[in-house]
Each structure stands twice: as structure tokens, then as C-alpha cells.
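[1] quick one, fold the following:
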Amino acid sequence: MSYVDNIIAGIEKKDAGQPEFLQASKEVLESLRIIADRDSVYEKVGLLERLVEPERIIVFRIPWVDDSGKVQVNRGYRVQYNSAIGPYKGGIRFHPSVNLSIMKFLAFEQTFKNSLTGLPMGGGKGGADFDPKGKSDNEVMRFCQSFINELYRHIGPDTDVPAGDIGVGAREVGFMYGQYKRLVNNFTGTFTGKGIGWGGSLGRTEATGYGLVYIVEEYLNKKGDSFKGKKVTISGSGNVAIFAAQKAASFGATVIAMSDSNGYICHKAGINLDTMKDIKLVKRERISKYVEVHKDAVYTETGKGRVWDVACDIALPCATQNELLLEDAKKLADNNCKIVGEGANMPTTLEATELLLSKGVAFFPGKAANAGGVSTSGLEMSQNSARLSWPFEEVDAKLKNIMAGIFRSMDDAAREYGKEGNFIVGANIAGFKKVAKAMMDQGVV
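    Below you'll find the predicted structure:
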């Protein structure tokens, strides 16, 4: 067997019960086969063996008291995956689906994503199987404080800098940072996604969605094209989806469909983003409310259709992992979709990805396409270190430059290894080479 085959066989045996981690790591390893076969140094120093093993995994209990006075217990995680190029950096997710496999997959992906940004950040991820939905502010606060009572000893501005993720927004970051600050008795840039008045960065809310559109626009510009006149469908209706829609519309596209877990909206005249923001970001209601305001829009319940049924030029999956399935990919290709850009982490299954590539669809993997959020988090870390606060326009300009740099890096890597146009291979190789060099420079540690 080849070096890569040996590594895959090893993780299939050792991590057999971790499907998300196996999916992510095997996808990356397949991309790295070409570089590992070309240069034996990686096998000589055991680079891939180290790469597929996290540096540290912290698992802990989180006891907290609900409003009825009953003690509840959840399980918390922090996977500190790789610190070769900087302190661990990655979000915290609160969702009932959180488990070790998902945390490892996210931390593994984060390592390459952070490498692609060009900023000095390693890869990490954390979370808990806690569902903030339906909980009071006081319950969420007590849970966050208990979560940090254990995690605080493992994080810091030069060690590990968490941020938000699914189920963790400004409220949760505020509660966690407040408890962290009380425990360590100092004010540092240990978290990102903080409030603007206490160390947060302007542009962070918009960054992931904007960055997704910037990287697709960079590709279109290279082809002598643009978003102007394009029809765009987007899954999800949270921050990433809404701000991707906003930026795409500002570039002249028409966003015709968006979704949530209950169903999707199709509005051929173009989604009204003011209405969507009011429903999803202010009132936090179901997307079905949209048709009460816009009578010419059509709502389809989950189970009766999917957002990918809507014909489009560009599809942006921005909801969750493995949401775009093989049948969805076939539908997109049959409807002549030309570009798929991942706003979420690994939202497209391997089978769907392979189908899209075989049909000539330009595919932008999440580790590159949704790196805008962590890029701006990295800029927040820089501002905190320098005790500065940059205006929105400056942050946005830096973000746009970072996303353009990511596109060039993966485009160049794909071409160098004979895979021109395959941005999955390009992103994996470009992210890997920087991490691998740092690991080799630092010896076997």
C-alpha cells in the first residue's frame, strides 16, 4: 500500500466510530496523495501520522441548574488540533448533535482553513451537546459559566482563542468571556466575536457571508465575468446566508431562494433582505413567515421539496454539514448551475462533490470559501493585541484581500499539481504545505 493508503487504513481502524472525522480526513488525504507520492520526506518524518492525530482533546462535564432548580449535566469538548503556525483558533458550538467525531472533523478542517488565510492561527474547535433553544437567558448564562469553569484553564490569547459557531452568538460569547475574565482576572483577547464595545471587531458579523461571495467573485473576475445578472440560491437563513445574500445582491445578483430547517422560500423577484433579517435575525421566527409579507413568494415545506430544486446559476450551501446530497447535486447540474460555494463546514457529501466536479461545476470547499469568519477573527486578535479598533471599511478591505489571496493560493496549487480548476485539491494542498513546513521546521513534537 502507498503511504496515504496506510494512513487511511489506520484511521479507519482507530476512528471507526467517527464518521464525520473519517469523511473529512479521507477527503483531505486523497487530495494529498499527489504531493505525498511526489516527495518522500513526508513519510520519512511521519508527517501524515501526526497530522491526523489532534495534539490534545479535552472532554469534560458541565453541570448547571435550570430555572426550576433541577441540576442538568452536559458534555463539553475542546479539540486542540494543531498549533504549528499559531495558537489554536476555532469556534464553540452548542447543539444536541455535538460529539467527538464532529468536533474532530471541524478542528481538522479549521487547521487548513486557518492556514489558507495567511494569518498565524492554528486549528481547534469546541462545544457541548447543549441546546440553547427554548432556554431562558439565565439558563444560558449559567450553562456558559459552568462551561468556562473548566475550559478557562486550557485557553488564552497565546494558547487557544475560541469564537462562536452554531448555537453560540453574541449572547453566549459575552457570558463565556465574562466568566473567563472573572476567573483569570485580566482583560485579554482570548475570545473573538466579542461585543464591539469590549474588544470586538466591526465586520465580524458579516465576514463569513461576505468572504464567501468575495472568493466566488474573484473566480468570476478571472473568467471575465461577475455576479451581475446571476440567479443565486442559498441554503440557510442565519448570519452566513443572509450576509452572503446581501453581498451577492450588491454585486448585481438576484437571490431567489433561501431556507431554514422547516422549508424554503422561492421568490423569483429576489429575496427581500430587510424582511428576511427582521424574521430571522430580529424576531427569530420560521422562514415561512416571509410569504405573509410577500404574497408572490412560494414556501415549500421540508419533505415536499428542497431548496436545490430551484434552478440557479450559483448555489451557496450555508446551513450545516452534509446537507447537499447526491440527488441535490444531480438536480443542480441538470439545471445548469455553474458554481457551488460552501458557506457552511462540509455541507456537501463526498458523492455530491464528485458528481459536481464530474459535471464541470466550479466547486469551492468550505475550508477556503467560508474562511472569511475566521479571517476577521484573526484581524480581531490583531486589533486586541495592538489595543486598536479599525473602522468597518478597513476590516472589509483586509477581508477582501485575504479571500483574494486564498483563491490565488488554491488556484496556483491546483495548477502546480496538474489539477487546474479543482479547488478542493488546491485548497487542501495549499493549506497543508504551510502547516507541514512549520511542523517539520519545529521537529518531531
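[2] for burial, what's the neighbour tally of the residue nearest to Thr275 when sequence neighbours are not counted?
    Spatial nearest neighbour of Thr275, excluding adjacent residues (C-beta to C-beta, 6 or more residues apart in numbering): Val293 at 5.1 Å. From N, CA and C alone the C-beta is placed, and that goes for glycine too. Using other C-beta atoms under 10 Å, Val293 has 13 neighbouring residues.
[3] Lys125 reaches Leu100, doesn't it?
    No - counting by C-beta atoms under 8 Å, no contact exists between Lys125 and Leu100, whose distance comes to 10.8 Å.
[4] for Thr192, give its distance to Ile287.
    For Thr192, the distance to Ile287 under the criterion C-beta to C-beta, to the nearest Å works out to 28 Å.
[5] those two: which is more packed in?
    Applying other C-beta under 10 Å to Thr192 and Ile287 shows that Thr192 carries more neighbours, namely 27 against 20.
[6] Glu380 is in contact with that one, correct?
    Yes - with contacts defined as C-beta under 8 Å, Thr192 counts as touching Glu380 at a distance of 4.5 Å.
[7] mean confidence for the longest helix along the chain?
    For the chain, the helix reaching the highest residue count under DSSP state H is reported as helix 392-416. Predicted confidence along helix 392-416 averages 97 (mean pLDDT).
[8] and after it, which helix or strand comes next?
    Sequence-wise, the next helix or strand beyond helix 392-416 is helix 423-441, with elements assigned using DSSP states H and E.
[9] rewinding a little: quickly list what's touching both of Lys125 and Leu100.
    With contacts defined as C-beta atoms under 8 Å, 6 or more residues apart in numbering, the residues adjacent to both Lys125 and Leu100 are Val79.
[10] more neighbours, those two?
    Neighbours were counted for Lys125 and for Leu100 using other C-beta under 10 Å; Lys125 has more, 31 against 17.
[11] beta partners of the more buried one?
    Listed beta-bridge partners, Lys125: Val79 (assigned using DSSP bridges).
[12] so what pLDDT did the closest residue to Gly199 other than its chain neighbours get?
    If you skip the residues right next to it in sequence, Gly199 has Asn384 as its closest partner in space, 5.4 Å away by C-beta to C-beta, 6+ apart. Asn384 is assigned a pLDDT of 96 by the prediction.
[13] off-centre distance for stretch 290-303?
    Averaged C-alpha coordinates place stretch 290-303 at 28 Å from its chain's average position (C-alpha atoms, centre = their mean, to the nearest Å).
[14] buried sites along it?
    With burial defined by 16 or more other C-beta atoms under 10 Å, the residues of stretch 290-303 counted as buried are Tyr290, Ala297, Tyr299, Thr300.
[15] related to what we said a few turns ago, what touches both of Thr192 and Glu380?
    Taking C-beta under 8 Å, 6+ apart as the contact rule, the neighbours common to Thr192 and Glu380 are Gly200, Ser201, Arg204.
[16] run a quick neighbour tally on the last one.
    Spelled out, it's Arg204. For Arg204, using other C-beta under 10 Å, the count is 25.
[17] how about the one 10 residues further on?
    When neighbours are counted by other C-beta under 10 Å, Tyr214 registers 23.
[18] equivalent analysis for Pro19, please.
    13.
[19] and what of Ile424?
    Counted with other C-beta under 10 Å, Ile424 comes out at 24.
[20] from Thr111, how far off is it?
    Counting by C-beta to C-beta, the gap from Ile424 to Thr111 is 16 Å.
[21] next one: Ile58
    From Ile58 over to Thr111 (counting by C-beta to C-beta), the distance is 17 Å.
[22] what about stretch 295-313, how long is it end to end?
    The separation between the terminal residues of stretch 295-313, taken as C-alpha to C-alpha, to the nearest Å, is 25 Å.
[23] and the strands in this structure, which stretches?
    Remark: strands of the chain, listed N- to C-terminal, are 56-65, 71-82, 88-94, 122-128, 160-163, 231-235, 254-260, 263-266, 298-301, 314-317, 339-341, 362-364; assignment by DSSP state E.
[24] count of neighbours near Lys222?
    11.
[25] and it, what pLDDT?
    For Lys222, the model assigns a pLDDT of 95.
[26] which ones are touching it?
    With contact set as C-beta under 8 Å, 6+ apart, Lys222 has these partners: Asp411.
[27] the one 10 residues further on too?
    The neighbourhood of Val232, defined by C-beta under 8 Å, 6+ apart, consists of Ala245, Ala248, Ala253, Thr254, Val255, Ile256, Cys312, Asp313, Ile314, Ala315, Leu316.
[28] hmm, back to that, now do the longest helix of the chain against helix 423-441, angle only.
    90 degrees (axes from the mean of the first three to the mean of the last three C-alpha atoms, to 10 degrees).
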